[in-house]
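Q: the following comprises the amino acid sequence and a computationally predicted model.
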Amino acid sequence: MELQRLGPGSAFPEWMEALDLELFGDSWRILVDGEVALLAPGRAFAVWRANVPAEEAELLRIAVHPAHRRAGLAAALLQASERDLRGEGIRTLLLEVRVSNAAARALYVAEGWREAGLRKAYYKDGEDAACYLKALGQDAGPGTGNR
Ligand SMILES: CC(C)(COP(=O)(O)OP(=O)(O)OC[C@H]1O[C@@H](n2cnc3c(N)ncnc32)[C@H](O)[C@@H]1OP(=O)(O)O)[C@@H](O)C(=O)NCCC(=O)NCCS
């Protein structure tokens, strides 16, 4: 699958901003320092904030157009993001999700994320967030594995 990567300073393409607004009611429209997005153009995107010194990255948003769901797009975006972020030296992935978001929670579990507690009243409307973590394994590529 052809995925596109956007880095800091990139504006969201029109379809991405429209999907963001439709699903979440807002869109931050331009990526700032540390933020990267992976896109399946016209269909899906994932936005991350990487903290390279801390070797951590947070999944800020993942969205698939309703017409393209349950076709493996979100899973593919997460897997591609992991490869990309691991290459940047990221070791731990984090996210928060509304406790009511059963589809997203099922996705994270299917992709090997581990539930790591609740944040009470995390959202403006008072809903709790479930926190998930994923540790990225060692890269098997050259130059790793030596102590
Ligand atoms: C959550 C979301 C990103 C999933 O995208 P998707 O492309 O449909 O997910 P995938 O097809 O890659 O699903 C991979 C696996 O996740 C799980 N899953 C995904 N959607 C599911 C659903 N609605 N119900 C149950 N399990 C689901 C399944 O295990 C699925 O594998 P399967 O289809 O073989 O059973 C999509 O529903 C979405 O955009 N929701 C609105 C935005 C949102 O809530 N984002 C998360 C918070 S930022």
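A: Sure thing, it's come through.

Q: how much space between the closest residue to W113 other than its chain neighbours and L19?
A: Spatially, and ignoring its direct neighbours in sequence, W113 is nearest to Y132 (4.1 Å; Cβ to Cβ, 6 or more residues apart in numbering). (Each C-beta comes from the backbone N, C-alpha and C, glycine too.) According to Cβ to Cβ, to the nearest Å, Y132 and L19 sit 22 Å apart.

Q: cool, N101 as well?
A: N101 sits at a distance of 16 Å from L19 (criterion: Cβ to Cβ).

Q: ok, the residue nearest to L95 when sequence neighbours are not counted - contacts?
A: Take L95 and drop its neighbours on the chain: the residue closest to it by Cβ to Cβ, 6+ apart is L59, 4.0 Å away. Contacts here follow Cβ atoms under 8 Å, 6 or more residues apart in numbering; on that basis L59 touches A46, V47, W48, L78, S81, L93, L94, L95.

Q: and the residues you listed near the ligand, which?
A: Filtering those for proximity to the ligand by Cβ under 6 Å from any ligand atom leaves nothing.

Q: narrow these to those in helices?
A: By the criterion of DSSP state H, membership of the contacts of L59 in helices covers L78, S81.

Q: show me the contacts of L59 that map onto strands.
A: Mapping these onto strands (DSSP state E) picks out A46, V47, W48, L93, L94, L95.

Q: was I right about the fourth one contacting E111?
A: This means L93. No - with contact defined as Cβ atoms under 8 Å, L93 does not reach E111; the gap is 9.8 Å.

Q: among the two, which residue is more densely surrounded?
A: Each of L93 and E111 has its neighbours counted (other Cβ atoms under 10 Å); L93 has more, 25 against 16.

Q: within range of the ligand, give me the residues from the chain.
A: Counting by Cβ under 6 Å from any ligand atom, the residues of the chain close to the ligand are 23, 61-64, 69-75, 97, 101, 103-104, 106-107, 110.
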